[in-house]
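Sequence plus the predicted model coming up.
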Amino acid sequence: DGGITQSPKYLFRKEGQNVTLSCEQNLNHDAMYWYRQDPGQGLRLIYYSQIVNDFQKGDIAEGYSVSREKKESFPLTVTSAQKNPTAFYLCASSTRLAGGFYEQYFGPGTRLTVT
Amino acid sequence: GNSVTQMEGPVTLSEEAFLTINCTYTATGYPSLFWYVQYPGEGLQLLLKATKADDKGSNKGFEATYRKETTSFHLEKGSVQVSDSAVYFCALSRGNTPLVFGKGTRLSVIA
């Protein structure tokens, strides 16, 4: 089954600790993305990567870091510098389809709670 | 820059009612347009898409038409079901750039 996996589904951490969220895809997609969603809010882009070993900051990159060492993996680290880390984190990937447009697919999300 | 504006929710409807969720966009050139649906506690699922003017995307009884003259991509369904209760997001993209999302509209359908 092809898809995007995020683990774990629920994650609990103490304030001041760094935490890494996993995102893996077996769709052979070049581009991957991380979004943050707060209750009742839309999605905000944290980081994205269009190719291995390269990534760009999104709208709210402060307090987060990423790496893209393999095509299928794009882990997100929430550092202690992130002031309000409790949120629902969504990973996505995209590929170019016939006709030249792109479709983005999402993983099931990780709900991070920091106390 | 590119942006998406969709109607604020929540929207509450009775089963079998007609649904419209408005979405308008601002973008240079010809973006691709999407509707995503998010069920409670889950990620987003692509519901339908349109890649050029006058295209109609459709899936599971939902439809939306890409109207360049009004820069709109309104989501419609003729008869909603309780199982359609979810949050709906309108989004656009230009090429391989990240999607730009609206803020989402929560739909509740009552039996």
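Thanks, I have the structure now. Numbers count the residues shown, from 1 in each chain, chains lettered A, B, ... in the order given.

Would you mind listing the outside residues contacting stretch A:34-46?
For stretch A:34-46, contacts defined as CB atoms under 8 Å, 6 or more residues apart in numbering or on different chains pick out A:23, A:33, A:47-48, A:58-61, A:64, A:66, A:74, A:76, A:87-92, A:109, B:44, B:89, B:98, B:101-104. Backbone N, C-alpha and C define where each C-beta goes, glycine included.

Enumerate the residues of chain A near chain B.
Within chain A, the residues that sit near chain B (CB under 8 Å from any CB of the partner chain) are A:4, A:6, A:31, A:33, A:41-43, A:45, A:48, A:50, A:58, A:90, A:92, A:94, A:96, A:99, A:101-109, A:111.

Could I have the buried ones of the residues you listed as PyMOL selection syntax?
Selecting the buried subset of those in PyMOL, with 16 or more other CB atoms under 10 Å in any protein chain shown as the burial test, is done by:
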select buried, chain A and resi 4+6+31+33+42+43+45+48+50+58+90+92+94+101+102+103+104+105+106+107+108+109
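
Return the subset of the residues of chain A next to chain B lying in strands.
A:4, A:6, A:31, A:33, A:43, A:45, A:48, A:50, A:90, A:92, A:94, A:96, A:102-106, A:111 (DSSP state E).

Buried by neighbour count, from the contacts of stretch A:34-46: which ones?
A:23, A:33, A:47-48, A:58, A:61, A:64, A:66, A:74, A:76, A:87-92, A:109, B:44, B:89, B:98, B:101-104.

what bits of chain B have low per-residue confidence?
Along chain B, no part satisfies pLDDT under 70.

can you list the residues of it near chain A?
By the criterion of CB under 8 Å from any CB, the positions of chain B lying close to chain A are B:32, B:34, B:36, B:41-46, B:49, B:51, B:89, B:93, B:95-96, B:98-99, B:101-104.

Inside strands: which ones of those?
Judged by DSSP E, strands contain the following of the residues of chain B next to chain A: B:32, B:34, B:36, B:44-46, B:49, B:89, B:93, B:101.

Need the buried ones from the residues you listed selected in PyMOL.
A single PyMOL command selects the buried members of these (16+ other CB under 10 Å):
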select buried, chain B and resi 32+34+36+44+46+49+89+93+101
